[in-house]
Each structure stands twice: as C-alpha cells, then as structure tokens.
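**Student:** attaching a predicted model along with its sequence, questions to come.
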Amino acid sequence: MHRRTFLLSSVAACVPSLAFAYPSQDFSPAVWRDLRETDRVVILNYRASWSLTCQIKADLIAEAIAENPAYGELTFVDVNWDTFGQSQLTERLKVERRSTLLVMKNGKEVARLVNEPYARQVRALLDTALAA
C-alpha cells in the first residue's frame, strides 16, 4: 500500500460518521426553562463535536429511532460540553463529563447513561424514557 493511500484511509476512518442524525434541538437556558415545566420526557445529551464516543452515541440513537419510531417521540436536547460543561445546570445535575445522557421529566432526573457507547445500553435508556 502506498503511504499516501494509507494516510488518506486512516484519516477517513477517524472522521465522525454523518450517516445518521436524530431530531434534536440545541440547549439554551430558555429552551430548558420551557421544557422542564412540561410533562414531556427530555433527553439531555451532553456532547462535544470532537468526541468520538459522543458521535457513536448519536449514531446509536439515530439507529434506534429508525428501528423504533416511538423513540422519535422523545425530546432530545444536545448540550454542548464545550459551552455548558462548567455551567450551573451541569454542576446541579452532577454531570462530570461529556458523553452523558440524562432522561429528565418535570425537571427531575429519571435515568442516566455515562460513557457507554453500546447499542444495548442506549436502547435500554430510551426504553426507560418511554416508560417514564
């Protein structure tokens, strides 16, 4: 294999997958203020654009929604770790790292998944969210 071909294929393997997407909105204090007062189940996805684990989780969520449309009825909010990782909300919720999924209802935590980029765990969390 030529060195140039090897380098290009290595870089391509490191680029996050863009094949899947799920319906979400970006976090802002106003969005959270509006959502926490409702009976809707909200999944806060603490993620960073540069994190491979976060991208894998996003792809797993999208795959799960494609297979079970009921998951698409949940409200997903992406919380940018680089912007809100040190925020009061993050401290109050005791989120210590990116790649954290929180299931919230009426402003209270129902379930949490931290740094587990595995389909079985993500689907279990989504099932818990549907049952909340």
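**Tutor:** In hand now; what should we look at?
**Student:** name the next helix or strand downstream of the helix or strand containing A111, please.
**Tutor:** Per DSSP states H and E, A111 falls inside strand 108-114. Using DSSP H and E, the helix or strand that follows strand 108-114 in sequence is helix 119-131.
**Student:** circling back: residues in contact with the strand holding A111: which ones?
**Tutor:** For strand 108-114, contacts defined as CB atoms under 8 Å, 6 or more residues apart in numbering pick out 41, 93, 96-97, 99-104, 121-122, 125, 128-129, 132. Any C-beta I mention is one placed from the backbone N, CA and C, and that applies to glycine too.
**Student:** where's R47 relative to F84, distance?
**Tutor:** Using CB to CB, to the nearest Å, R47 is found at 10 Å from F84.
**Student:** please say which of the two ends up with more neighbours.
**Tutor:** When R47 and F84 are compared on other CB atoms under 10 Å, the one with more neighbours turns out to be R47, at 22 against 18.
**Student:** check contacts around that one.
**Tutor:** Taking CB under 8 Å, 6+ apart as the test, what R47 contacts is C54, K57, A58, D78, V79, N80, W81, R98, S99.
**Student:** on the three-state scheme, the spatially most central residue of the chain is what?
**Tutor:** When CA atoms, centre = their mean is applied to the chain, the residue found nearest the centroid is N45 (3.3 Å). Secondary structure state of N45, per DSSP: H, G, I helix; E, B strand; the rest coil, is strand.
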